[in-house]
Structure formats: C-alpha cells, structure tokens
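1. next one to model:
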Amino acid sequence: MRFVRNLLSAEKRKKLGVEIAQAEGGLEIAQRLIGSRLTPQILDSIRNISVEPNEVLRRFQQNSAAFIAAFEQLNARTETHTAGGRGRFGDVPNDIANRVEMSPLDQGPLRASLRRYQDFGARYLIVQRRTLLGDDMGLGKTVQVLAAMCHLHANGRRHFFVVAPNSVLVNWQREVTKHTELSSYLAHGAEREEVIKQWVRHGGVAITSYSTLPKLLPYLTAIDFLAVDEAHYAKNPEAKRTMAVEQIAKRSTYVSLMTGTALENKVEELHNLLNIASPGAVRELQPMLLANRAFDRAGVAKKIAHVYLRRTQADVLTELPERIEVDEWVTLTEEDREIYNSQPTNIMLKRRSATVTQAKFERLQDLVTEHRQADRKVVVYSFFRQVLDEVSEMFGNCAQLTGDSSTLERQQITDTFTNTEGHAVLAAQIDAGGIGINLQAASVVILMEAQFKPSTEWQAIARVHRMGQSRTVNVHRILAANTIEEHLVNLIEQKANLFMAYAHESAIKDSSQMASDPSTASLEHELMQLLKHQAPC
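-> The predicted structure follows:
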C-alpha cells in the first residue's frame, strides 16, 4: 500500500518488525501478520530473535498501545471507512486527505503511540494550520494536538500555548507529562506572570485559563501553536474571554480550537468559532446564515471540511478498544479548597466527600453535553446521596438508583432508562448500581469520586461493560488534584496492576471476572492498611 510505503522507511519498518517479532516471540507469526509488507532482507535480520513467553507478556502489558499501533501501521488496510461510519477522514475531501496522509509527522518528543485516525488528525492540524478539531468524546483530541506540537518541536518550533477551562488545567499538565517530553508551565494564579516569562525564555507548553488569558496578553507576542480546549467557551463574540482568544489566535502560526459541540446549537456560534480559527472559512457559511433556514449539520460539516475535522466513534469503530478509560483531573477552586482543608484528616469519608466540588460538576456538565450530542445514555455514579441529588437536579430531575430503591423500583428505573429513546442520564449510588442490575443500554460511565475499594468500581463498570455490549464503553473518572484522591488512585493502580498481572490473567479480558473475583478482598485489605499510614493530603 502506497501510504504505508511512504510512511515507513526501511529502517523504521525494520524497527517495527523487530518489535512485533519480540512481542510474538518468533518470525512465523510476524510473517503471517504483516505479509509481504516487509522485504525478505528485513525479515532475515529479525529471524533469530527469541523471547521467553513471560517476557513477551510483560512487555505487552507494559506498552500494549505501542504494539497495537505497530500492528496497525504495518498491517494497514486499504479501507478508509468502517461499516456505518465515514472512516478516519471524516468529511475531509479526498484531495486534502491525500495531501495530509503524504505529509510527514515527526514524533520528536512524543511518547504516546497514535492510532491511525489520531495520526491522521495530527497531520491534518499541521497541514491545514488553522482548524477546528471536533472529534467525538473519547477519540483523543488532546493527544492529537500534542502530537502536532511534538512535530513542530522536532522542526525547530518551541512555544506552544493552551487555553482551557479552570477545572481542567491540571489535567492538561498531566497529559503533557504523560504523552510528551516537553516542559509544561501552568500560568495560573499569583505566579502567572513569572511562569509565563520562564516559558517565553525556555519554550515548552504554557497552560492557562480563559479568565487568566487577558492578563497574560502583554507577554504573548508570538506563539507557534495555540490550542483552545472546550472552545465553545469562546463562542460569544461580546465576551472578554472570546476577544482575548481572538487576539492570541492572530499572534499564532498554528491554531486548533478543540470542541466536540461545534455544531450542537446555532450556525452563528460555529461562525464565531471559525472567525477565530480561520476567518477566511467564514465566507463558506454566509449563504446559510442569510438563508435563515434549518441548520443542516451534515451540509455545514462538508462545506467547511478543509478547516473542520470531526470523526465519531462509529467512523473509527474498528480502531477503538472495547472500553475507553479517561481520568479527568480537575483543580479545586479556592473556596472549595478551603472547605476541603477544613475536613478532619482522620475521617476518610468526609475527606472524600469534600472532593466533589464545583469543578467536578463543571466537568460533568461538559462531558454529558458532548455525549448527549451523540445520543448516548450516561450512568453517573457516586457514593454520596447529596451528589446524586445534585446530579439529578442538573439533568432534568433524572432518575436515581440508590440503596433505598426496592427491587421493583430498581427494575422500573432500569426499564425506563433502557427504553428511553436516545440520550438519557441515570444517577446511581455506586454500591447499589453494582448489584444485580443490567445497565447495558448505557455506553458512558462517569465516576464522581475515587472509590476506596477497587472492586466497587469494577462491579459498577461491569453493569454497563458486560458480555453482549455492542458499543464502545466510555469511562470517565472525575478526580480532584492534590487531594486524598491522589493517594487513592495511585495505590489502587499499583495494586490493581499487580492483581491483573499475576493473580488472574483472564481479568485483562473480562472486567466482570475482576469484579467478582474473591482474591480482590486481600487487595482491598492491604490498600486500607497502606492508606492509614499515608500522610494526609
């Protein structure tokens, strides 16, 4: 296939071939998987590689994404569309798609392994320069933007800038560290001017909020790549934050506005976003604005496909895992931090409940809004009844499933939720929502706080992600940075990884087995003992 030949040099094909042969433990399987895409000379050079089975498993568990990405690249198929979807190109015209695919993507300081549609997305951002990235929730808009930044860094660019809502600033900082070797600078709070001066001197990824951006404009003269997350926050042309984003966009060589809801409301709002990213593209929408007719989303998307890239999960279904898990880290407001700090450090329940704050509810609103656009059913889990009350109030007094619900009430609630056409939200107490009920009609799970016992979370997720589930399940954990949740998440991750690696290999394939496995009891006991000896956070 021409695309693969152009993408992979002989040296790169050899390297990937070695990785695959190591992962599988022999030449025969590698040959079967990649067919004639590698030359006999390259295959000969990896013929003698031999790896013990246990070492193969360890390597795959440590970096499964890299192996999967290697398989996807070497075994790339000629089809660009999936059944029921448009494929990884979205509505991008063939001439632009071909130009994008033929363009280079230098990984440079990128640590992440990209799926094919993410690889295309990163190239698109570079080739088209000033864009709206409107991919569906769970497809990895952030990693595509970071990959584009890394390409530019590898080619001599140094100053990258991110504007995002207050609640997700720390999440961006973590993603930069996780997926790249770039330095990150959180320009927010009392030290913002000093931080931004350091960024100007040294380069890297500067991250700030919509509210802080106007204060930083005097320091921002030239930016190589600007990413505006949750860009619908800047859709009102009269708002100060929108005007600040417009100014900084004019000073940026590359611009990407990130939003999964660009076409959700009025065409005028899309017009305003395009006016920031690519003013020239606004002309394409003028006839629709003047006609004042019904908003034809499909027609608009095709008309502006040279600046607007959107893929849904259906478009890239064959590239997605069965379950997409995302940790959504938020930052507590000053007021919320005071409330949190006032809670007794020796009473874990009060400490945990104090993490569910305004920042978490703001992130919840954003997540549900995006999933509503895709008509997905959402289950919001929390341990705390007060949180469920607030969730229910936020989403039209949606039903609540709690420990007080009788067997009959549970069945009625789940039946109503299942039979509702299209989008719906269910607020469920996590202990009650994990016992004897089937929430398979949902494809989104949102966890409002870290759980004390790993099996509590596993059981709750297994109500949605269970045998027979035909859709990719999106799991969002909304977590508060610099709180007790940091300890909980770190400890649970350590213990869960040990459990999956050594106690039950089959658990990797079946989350419901993890949820019911009795060996989790010892894991939970050890976790509790470790937490008791942790310094309060």
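
2. ok, which stretches of the stretch 101-250 of the chain are strands?
-> 130-133, 159-164, 184-186, 204-209, 223-229 (DSSP state E, counting those that start in this stretch).

3. reformat those strands as CSV; add distance to Glu194, mean neighbour count and mean pLDDT.
-> Where you see a C-beta, it was placed from the backbone N, CA and C, and this is true even at glycine. Putting these into CSV (distance: least, CB to CB, whole Å; neighbours: other CB atoms under 10 Å; pLDDT from 0 to 100) gives the following:
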stretch, distance to Glu194, mean neighbour count, mean pLDDT
strand 130-133, 30, 26, 95
strand 159-164, 17, 27, 98
strand 184-186, 10, 21, 97
strand 204-209, 12, 25, 98
strand 223-229, 19, 24, 98
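
4. can you add distance to Glu246 and give the ones you listed back as a markdown table?
-> Putting these into a markdown table (distance: least, CB to CB, whole Å) gives the following:
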| stretch | distance to Glu246 |
| --- | --- |
| strand 130-133 | 13 |
| strand 159-164 | 11 |
| strand 184-186 | 23 |
| strand 204-209 | 16 |
| strand 223-229 | 10 |
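
5. what's the closest of the ones you listed to Phe383?
-> strand 159-164 (28.0 Å; CB to CB).

6. show residues contacting the closest one.
-> The contact list for strand 159-164 (CB atoms under 8 Å, 6 or more residues apart in numbering) reads 149, 152-153, 172, 182, 199-200, 203-210, 213, 220, 222-230, 245, 248, 252.

7. ok, that strand: who's next to it in the sheet?
-> Neighbouring strands of strand 159-164 in its sheet, by DSSP bridges, are strand 204-209 (parallel), strand 223-229 (parallel).

8. ok, which of the ones you listed comes nearest Glu390?
-> Per CB to CB, nearest to Glu390 of the strands paired with strand 159-164: strand 204-209, 23.5 Å.

9. got the CA coordinates for the closest one in CSV?
-> Listed next in CSV are the C-alpha coordinates belonging to strand 204-209 (Å, rounded to 0.1, in the frame of the first residue of the first chain):
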residue,chain,number,x,y,z
GLY,A,204,7.5,24.4,26.1
VAL,A,205,3.8,24.1,26.7
ALA,A,206,2.2,27.0,28.6
ILE,A,207,-1.3,26.3,30.0
THR,A,208,-3.7,29.0,31.2
SER,A,209,-7.4,29.5,31.8
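
10. so what touches it?
-> 149, 158-166, 169, 172-173, 176, 180, 182-188, 192, 195-196, 199, 216.

11. hmm, 6 Å instead?
-> 160-162, 166, 169, 172-173, 176, 182-188, 199 (CB atoms under 6 Å, 6 or more residues apart in numbering).

12. ok, stretch 139-147 next?
-> By CB under 6 Å, 6+ apart, stretch 139-147 touches 110, 112, 114, 118, 121-122, 133, 135, 175, 179-180, 227, 256, 258.

13. swap the cut-off to 7 Å and go again
-> 110, 112, 114, 118, 121-122, 125, 133, 135, 175-176, 179-180, 227, 256, 258, 311, 313, 316 (CB atoms under 7 Å, 6 or more residues apart in numbering).

14. inside helices: which ones of those residues?
-> Gln118, Gly121, Ala122, Leu125, Glu175, Val176, His179 (DSSP state H).

15. how about the nearest residue to the last one once chain neighbours are set aside, phi and psi?
-> Leaving aside its chain neighbours, His179 sits nearest to Ala112 (4.1 Å; criterion: CB to CB, 6 or more residues apart in numbering). For Ala112, the backbone dihedrals (degrees, to the nearest 10) come out as phi -70, psi 150.

16. where along the stretch 301-450 of the chain do the helices fall?
-> Remark: helices assigned in the stretch 301-450 of the chain by DSSP state H, counting those that start in this stretch are 334-341, 348-353, 358-373, 385-394, 407-419.

17. which of those helices sits closest to Lys302?
-> Using CB to CB, these put helix 358-373 closest to Lys302, at 17.8 Å.

18. now do the closest one: which elements does it pack against?
-> In terms of contacts (3 or more CB pairs under 7 Å, 6 or more residues apart in numbering; DSSP states H and E), helix 358-373 is packed against strand 323-330, strand 377-382, helix 385-394, strand 444-447, strand 473-480.

19. of all the residues in it, which ones are buried?
-> 359-364, 366-368, 370-373 (16 or more other CB atoms under 10 Å).

20. average pLDDT for that helix?
-> Mean per-residue pLDDT for helix 358-373: 92.

21. next: stretch 407-419.
-> On average, stretch 407-419 scores 89.

22. can I get it in CSV, CA atoms only?
-> What follows is stretch 407-419, C-alpha atoms only, in CSV (Å, rounded to 0.1, in the frame of the first residue of the first chain):
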residue,chain,number,x,y,z
THR,A,407,-36.3,-4.5,43.9
LEU,A,408,-39.4,-3.4,42.0
GLU,A,409,-38.3,0.2,41.9
ARG,A,410,-34.9,-0.8,40.6
GLN,A,411,-36.4,-2.8,37.7
GLN,A,412,-38.8,0.0,36.8
ILE,A,413,-36.0,2.6,36.8
THR,A,414,-33.7,0.5,34.7
ASP,A,415,-36.5,-0.4,32.3
THR,A,416,-37.4,3.2,31.8
PHE,A,417,-33.8,4.1,31.3
THR,A,418,-33.3,1.3,28.8
ASN,A,419,-36.4,2.1,26.8
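
23. neighbours around Thr221, how many?
-> 9 (other CB atoms under 10 Å).

24. just checking, it touches Ile248?
-> No: contact criterion CB atoms under 7 Å: Thr221 and Ile248 do not qualify, at 10.2 Å.

25. where are the low-confidence patches of the stretch 251-400 of the chain?
-> By pLDDT under 70, the weakly predicted segments of the stretch 251-400 of the chain are 263-266, 282, 284-286, 288-298, 344-352.

26. separation between Gln469 and Phe160?
-> Using CB to CB, to the nearest Å, we find Gln469 at a distance of 38 Å from Phe160.
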